[in-house]
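J.: Task: produce atomic coordinates for the following.
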Amino acid sequence: MYNSANVIWTLVAAFLVYFMQAGFALCESGLTRAKNTGNILMKNMMDFCIGTPCFWIIGFGLMFGGTGALIGGFTPFMQGDFSAILPDGIPLWVYAVFQTVFCATAATIVSGSMAERTKFSAYCCYSAAISLIVYPISGHWIWGGGWLANLGFHDFAGSTAVHFVGGITAMLGAWMLGPRIGKYGKDGKARAIPGHNLTAMALGVFVLWFCWFGFNGGSTVCMTGDEAIVSAGLVCFNTNLAAALATVSALITSWIRYGKPDVSLTFNGALAGLVAITAGCDAVSPFGAAIIGIIAGVLCIFSVEFFDNIAKIDDPVGAISVHCVNGAWGTIATGLFSTSEGLFYGHGFRFVGVQILGVVAVAAWVLITMFIIFTIINKTIGLRVSEQEEIDGLDIHEHGLASAYSGFAISDPTYADMDVNENTDLGEDDIAKASAAKIGAAVKVVKEEPLPAELDSGMHKIVLIIQLAKFEALKKALNAVGVTGMTVTQVMGCGLQKGSGEKYRGAEVDATLMPKVKVEVVVSKIPVDKIIDTATKVLYTGHIGDGKIFVYNVAKVVKVRTGEENYAALQDVE
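T.: Numbers count the residues shown, from 1 in each chain. Presented below is the predicted three-dimensional model:
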């Protein structure tokens, strides 16, 4: 017999949990750089679309196909008998939808911490592995009748089963990938790489907070009878209270530590409170929820600092601090604040010991299996994109997308030479100390093959493509070495040329252009290498993309006014 109230409640909750994908997509894309927005959006779409069939084919059976201590069973395509695990009044397919969206949440957490330098193909592979094996087996221990459930481990809606699994995977993946280019300076100190759209980030957090009422409240999978109704109300109240107080405590902590309230960390604090209360939202009182939330907000701030400055694990969105650290805290806190079993309510150490054991066991399982999976992927298709792909952005190289904001200016090119947004630091800003390789990476020089001696006129045209802000300094430097005349053109440069074959919705993509300056000089008496050396010293900042220099052979020059040729024609130019 099915119960319509329970079914509708569970389905609505599942729909809300699914919509968390939109929240994660907004939050992660807002906290990363514009050049990777399309890649972030694709990852948040595909981890759900890949995870859904994987969970249907194998994952659900591993998680719920039996009552073994370590594994549920092997029942492909959900063909087994699952009646023993179905909540009262809930059909199999309703429960399957509900569990599928939880599985997808665990997978999507990983994308934020590994953002801006992970291969899209690698991401698809390990997202599949999480949904096929990693999440279902630890989920069976907790929710499928496994050994942790038999010990009395309590994780109502997934602080450990979902968030800690995703968070610790994110921590391992970010550590194995290494930091983004420019995240750490030559002195080893972490450098800020600001997200490009805090509006999107904030909207993502609001969406996630709203959907969390389905994530936690819907985990009652029941809305029949007074006890279930009261429980659902308490769960939602505790969820909201913990999130609100975590936000306030994160704001105050950042205000005290940094002199001003930090926007992104305050919003991270909200998510930290939501994650932390998820394990015990049905078992703690509002006072317990308040304490859990306050500590979660403070813990989030210090955790971000720890991973940035001490562990040196580059997490662009703070997912490790939110999901891993506070997933563990919320699970352990349940053992402290549970009104029926908690240590602080006089029930001894056994329950909190089981909670700690569960966190440690799940951490061990996830770290071992995901280390193997990441290593296999790294040795085959590779985990990380190339340096040039990372600098240019994953959108263009991984998806053929010149910009996720076509038609919008997303940075001020006047300050492009400062490289504020890119942080593509080569490790040496003093050209006198920089190696030839670093100088060549910053200012590229391309020379035409020299002509045979009998054809060489001794004249060369030097073309320099530079940032707008460097023109005045370059002009003065060239004047100082004897170049008194030059042709200057404002041009538009881009990395994607017309005819490249890149398409968007089946149509060829036009070039996305950025303002540059092209400087042309023709020399004969002044050595070419002197011009290159002078220009390189002016243009070099220690960052990739400082400029390009092209050298061409010139067969003949004619001055129209006098008819003079070659060397004579250049005398009032040089």
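J.: ok, V528 - contacts?
T.: V528 is in contact with 460, 462, 551, counting by C-beta atoms under 8 Å, 6 or more residues apart in numbering. Quick note: C-beta positions are derived from backbone N, CA and C, even for glycine.
J.: So the first one lies in a strand, does it not?
T.: Yes. Checked against DSSP: H, G, I helix; E, B strand; the rest coil, H460 lies within a strand.
J.: Could you dump the contacts of V528 into CSV with pLDDT, distance to A157 and neighbour count added?
T.: Shown next, in CSV, are the contacts of V528 (pLDDT from 0 to 100; distance: C-beta to C-beta, whole Å; neighbours: other C-beta atoms under 10 Å):
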residue, pLDDT, distance to A157, neighbour count
H460, 85, 70, 21
I462, 92, 66, 23
V551, 91, 65, 18
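J.: quick one: V110 and Y95, what's the gap?
T.: 25 Å (C-beta to C-beta, to the nearest Å).
J.: tell me the secondary structure for G68?
T.: Secondary structure state of G68, per three-state DSSP, is coil.
J.: Could you measure from the nearest residue to it once chain neighbours are set aside over to F337?
T.: By the measure of C-beta to C-beta, 6 or more residues apart in numbering, the closest residue to G68 outside its immediate chain neighbours is G146, 7.1 Å from it. Distance, G146 to F337, using C-beta to C-beta: 24 Å.
J.: quick one, what contacts A244?
T.: Contacts for A244 (C-beta under 8 Å, 6+ apart) come out as 270, 273, 293.
J.: most neighbours, which of the residues you listed?
T.: G273 (37 neighbours; other C-beta atoms under 10 Å).
J.: and it, that one's in a helix?
T.: Yes. The assignment for G273 is a helix, going by three-state DSSP.
J.: Need the three-state assignment for K516.
T.: Following three-state DSSP, the label given to K516 is strand.
J.: what about it, how many neighbours?
T.: By other C-beta under 10 Å, 21 other residues sit near K516.
J.: ok, it - contacts?
T.: Residues in contact with K516, defined by C-beta under 8 Å, 6+ apart, are 465-468, 490-493.
J.: Could you pull up the residues touching H347?
T.: By C-beta under 8 Å, 6+ apart, the contact set of H347 is 338, 340-341.
J.: So which of V110 and Y95 has more stuff around it?
T.: Set V110 next to Y95 and count neighbours by other C-beta under 10 Å: V110 wins out with 29 against 20.
J.: Report the spatially nearest residue to the more buried one, omitting neighbours in sequence.
T.: Taking C-beta to C-beta, 6+ apart, and ignoring the residues beside it in sequence, V110 has A170 as its nearest neighbour in space, at 4.7 Å.
J.: cool, C222 as well?
T.: In space, and not counting its chain neighbours, C222 is closest to A228: 4.2 Å by C-beta to C-beta, 6+ apart.
J.: Same list (the contacts of A244) but as CSV, adding distance to A333 and pLDDT.
T.: Below are the contacts of A244 laid out as CSV (distance: C-beta to C-beta, whole Å; pLDDT from 0 to 100):
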residue, distance to A333, pLDDT
A270, 17, 98
G273, 11, 98
G293, 10, 98
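J.: now these as TSV including distance to P316?
T.: As requested, the contacts of A244 are exported to TSV (distance: C-beta to C-beta, whole Å):
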residue	distance to P316
A270	18
G273	21
G293	25
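J.: coming back round to it: surely the residue nearest to C222 and T220 touch.
T.: Yes. Counting by C-beta atoms under 8 Å, T220 is a contact partner of A228 at 5.9 Å.
J.: who has more neighbours, the two?
T.: Taking neighbours as other C-beta under 10 Å, A228 and T220 compare with T220 leading, 24 against 17.
J.: residues touching that one, list them.
T.: Counting by C-beta under 8 Å, 6+ apart, T220 has contacts 9, 228, 231-232, 235, 282.
J.: Most neighbours out of the residues you listed, which is it?
T.: V235 (25 neighbours).
J.: so is that one in a helix, a strand, or just coil?
T.: Relying on three-state DSSP, one would call V235 helix.
J.: ok, it to I90 distance?
T.: Distance from V235 to I90, counting by C-beta to C-beta: 17 Å.
J.: And for I291?
T.: Using C-beta to C-beta, we find I291 at a distance of 33 Å from I90.
J.: which residues of the stretch 351-500 of the chain fall in helices?
T.: Secondary structure of the stretch 351-500 of the chain (DSSP state H, counting those that start in this stretch): helices at 387-392, 394-399, 436-442, 471-480.
J.: and the second one, what does it pack onto?
T.: By that I understand helix 394-399. In terms of contacts (3 or more C-beta pairs under 8 Å, 6 or more residues apart in numbering; DSSP states H and E), helix 394-399 is packed against helix 37-54, helix 120-129.
J.: could you give the mean pLDDT of it?
T.: Mean pLDDT, computed over helix 394-399, is 93.
J.: try stretch 8-19
T.: Mean predicted lDDT for stretch 8-19 stands at 98.
J.: What are the contacting residues of it?
T.: For stretch 8-19, the surrounding residues in contact (C-beta under 8 Å, 6+ apart) are 48, 87, 90, 94-95, 97-98, 100-102, 104-105, 207, 210-211, 213-215, 217-223, 232.
J.: how about a cut-off of 7 Å?
T.: The contact list for stretch 8-19, computed with C-beta atoms under 7 Å, 6 or more residues apart in numbering, reads 90, 94, 97-98, 101-102, 105, 207, 211, 213-215, 217-218, 221, 223.
J.: And these, which two are furthest apart?
T.: Among the contacts of stretch 8-19, the pair separated by the greatest distance (C-beta to C-beta) is I90 and V207, at 26.2 Å.
J.: one step back: for PyMOL, write the selection for the buried entries among the contacts of H347.
T.: Written as a PyMOL command, the selection of buried residues from the contacts of H347, which uses 16 or more other C-beta atoms under 10 Å, is:
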select buried, resi 338+341
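J.: Give me the buried positions along stretch 376-388.
T.: Of the residues in stretch 376-388, 377, 383-385 count as buried by neighbour count, 16+ other C-beta under 10 Å.
J.: between the residues you listed, which is nearest I40?
T.: Nearest to I40, judged by C-beta to C-beta, of the buried residues of stretch 376-388 is V385 at 13.9 Å.
J.: For that closest one, which non-adjacent residue is closest in space?
T.: K119 (5.5 Å).
J.: Excluding chain neighbours, give the residue nearest to C103 in space.
T.: Among residues not flanking C103 along the chain, F55 sits closest, at 4.8 Å (C-beta to C-beta, 6+ apart).
J.: Please disregard the earlier target; I meant W143.
T.: Spatial nearest neighbour of W143, excluding adjacent residues (C-beta to C-beta, 6+ apart): A161 at 6.1 Å.
J.: isn't there a strand covering that neighbour?
T.: No. Secondary structure assignment places A161 outside any strand; it is helix (three-state DSSP).
J.: How many neighbouring residues does it have?
T.: The local packing of A161 (other C-beta under 10 Å) involves 31 other residues.
J.: which ones are touching it?
T.: Neighbouring residues of A161 by C-beta under 7 Å, 6+ apart: 138-139, 142-143, 155.
J.: which residues touch L271?
T.: 205, 208, 322.
J.: mind redoing it with 10 Å?
T.: Contacts were defined as C-beta atoms under 10 Å, 6 or more residues apart in numbering; by that measure L271 touches 23-24, 27, 163, 204-205, 208-209, 212, 243, 246-247, 250, 296, 300, 317-319, 321-323, 326.
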